[in-house]
Every structure is written in C-alpha cells, then in structure tokens.
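Novice: Mind looking at a prediction? Sequence and model below.
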Amino acid sequence: FLTFRHAAWQAGAAAAGAGAGFAAQVDLAALFTERAAALLAPGGTLALLLPLKLWRSLAGGGVRRLVGEALQLHRLEDWSEAPAAFDAAVYPSLLVASRPVRHDRARDTEEVQLTVHRRDLAIGWTTPRHHVPLDDSPGAPWLLLPPPARAAFARLAVAGPALAASVFGRPALGVKCG
C-alpha cells in the first residue's frame with residue numbers, strides 16, 4: 001500500500017524533527033482513497049467525501065502523493081466550516097478526481113477547481129494544479145488559498161530561509177503556545 005510506505009510528508013517530517021512513528025498512523029480514509037483509486041478504470045472519475053486533515057496534516061502525505069501521482073485532480077472543496085450537515089463533529093472535504101487514460105507530463109498546467117465553504121458563503125476559484133501543494137516535494141500539504149493569499153504566501157516563502165533552517169532552528173511547542 002502506497003499510503004503505508006509513504007505515510008508522511010517526508011520533507012516536512014525531517015524539517016519538523018517528527019519521528020516515523022507519528023507519521024505511520026495512517027487514517028482509514030487514506031486507505032479507502034487508495035483502494036478507490038486502484039479500482040478506478042482509466043478515464044473513470046471518483047468523488048469522495050474525506051476528512052479535510054488528509055490535505056493538511058503531516059500524516060496525510062501518502063494520500064496526497066497518491067492523488068498527485070496516480071489521479072488527475074479536478075475539484076477539492078473544504079466543507080469544514082460550513083453549516084452542520086452531520087450529527088457528529090466532522091471536518092469534511094470533497095475530492096473529485098479521475099484516472100488518466102495515459103500518463104501525461106503536461107498535467108501541471110491543468111486547472112483545479114478549489115472551493116472553501118464557510119458559514120454564510122462559499123469562495124471558489126481555479127488554479128493550476130502545481131499551485132495546490134505547499135512545495136514540490138512529494139506529499140507536501142495542500143493549501144486551499146485564493147490566488148491573492150497564495151501569492152502572498154509564496155512571496156513570504158521566498159523572502160528568506162525557513163525558520164527551521166535559520167539560526168533560531170525549528171519551532172518548539174513553547175513558541176506556539178507562548
């Protein structure tokens with residue numbers, strides 16, 4: 001199973017100093033996604049409701065890598081802050097993807113429809129597929145940011161070294177909680 005072999009976002013785990021034990025905790029939804037992708041015929045399309053954390057967390061690297069390498073991403077929607085649609089505390093997302101008929105190197109130019117649903121509104125936009133991940137490393141977290149926010153994030157990322165690579169070193173919990 002790809003999601004077990006590459007469960008973590010490798011580059012992020014190394015920068016954060018996270019051990020492999022944490023990243024090996026694969027979400028059942030990742031295995032479900034992997035099986036759905038394996039059963040999908042060339043040219044077939046799937047639509048899945050999945051936990052939003054698969055697209056953001058360190059441990060979701062395997063499923064992001066699988067979708068990025070094996071499927072053509074068409075739509076990703078964040079429903080985590082939409083009005084309650086379930087009788088449980090869930091943070092859902094919608095994934096729509098297809099299995100390409102043939103492997104095409106020009107897939108990075110494809111447009112992806114991203115939507116973020118909030119209590120009273122939904123914000124939707126299209127973006128090139130390569131603008132979805134944080135960086136070019138396999139399994140990198142996906143950023144569901146509208147183009148102006150994504151551009152600001154990109155400018156900040158190239159403005160200097162990452163905190164982990166600076167003289168201050170990687171952040172510790174005390175930095176986050178004060």
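Specialist: Good, I have the coordinates.

Novice: so how far is Leu156 from the residue nearest the centre of the chain?
Specialist: Centroid check for the chain by C-alpha atoms, centre = their mean gives Trp55 as the closest residue, at 2.7 Å. To Leu156, Trp55 is 20 Å away according to C-beta to C-beta, to the nearest Å. Heads up, the C-betas are built off the backbone N, CA and C, glycines and all.

Novice: where's Phe168 relative to Leu58, distance?
Specialist: On the measure of C-beta to C-beta, Phe168 and Leu58 end up 21 Å apart.

Novice: Pick out whichever of those two has more residues nearby.
Specialist: Leu58 (19 against 10; other C-beta atoms under 10 Å).

Novice: Would you mind measuring from the more buried one to Phe32?
Specialist: 19 Å.

Novice: got it, and Ala149?
Specialist: 30 Å.

Novice: More neighbours: those two, which one.
Specialist: Higher neighbour count among Ala149 and Phe32: Phe32, with 14 against 11, using other C-beta under 10 Å.

Novice: measure that one to Leu48 for me?
Specialist: 8 Å.

Novice: Report the buried residues of stretch 110-126.
Specialist: Within stretch 110-126, the residues that count as buried by 16 or more other C-beta atoms under 10 Å are 112, 114-117, 125.

Novice: what about it, how long is it end to end?
Specialist: End-to-end span of stretch 110-126 (C-alpha to C-alpha, to the nearest Å): 10 Å.

Novice: So what touches it?
Specialist: 72-79, 81-83, 127-129, 132, 144, 146-147 (C-beta atoms under 8 Å, 6 or more residues apart in numbering).

Novice: same thing but 6 Å
Specialist: The contact list for stretch 110-126 (C-beta atoms under 6 Å, 6 or more residues apart in numbering) reads 73, 75-79, 81-82, 127, 129, 132, 144, 146.

Novice: mind listing which of those residues are in strands?
Specialist: 73, 75-78, 127 (DSSP state E).

Novice: and the residues you listed, which are buried?
Specialist: 73, 76-78, 127.

Novice: Make JSON lines out of these and add pLDDT.
Specialist: Putting those into JSON lines (pLDDT from 0 to 100) gives the following:
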{"residue": "Leu73", "pLDDT": "95"}
{"residue": "Leu76", "pLDDT": "98"}
{"residue": "Glu77", "pLDDT": "97"}
{"residue": "Asp78", "pLDDT": "95"}
{"residue": "Thr127", "pLDDT": "94"}
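
Novice: Mind listing what's buried along the one helix or strand Arg150 maps to?
Specialist: Arg150 is located in helix 147-158, with elements delineated by DSSP states H and E. In terms of neighbour count (16+ other C-beta under 10 Å), helix 147-158 has its buried residues at Arg150.
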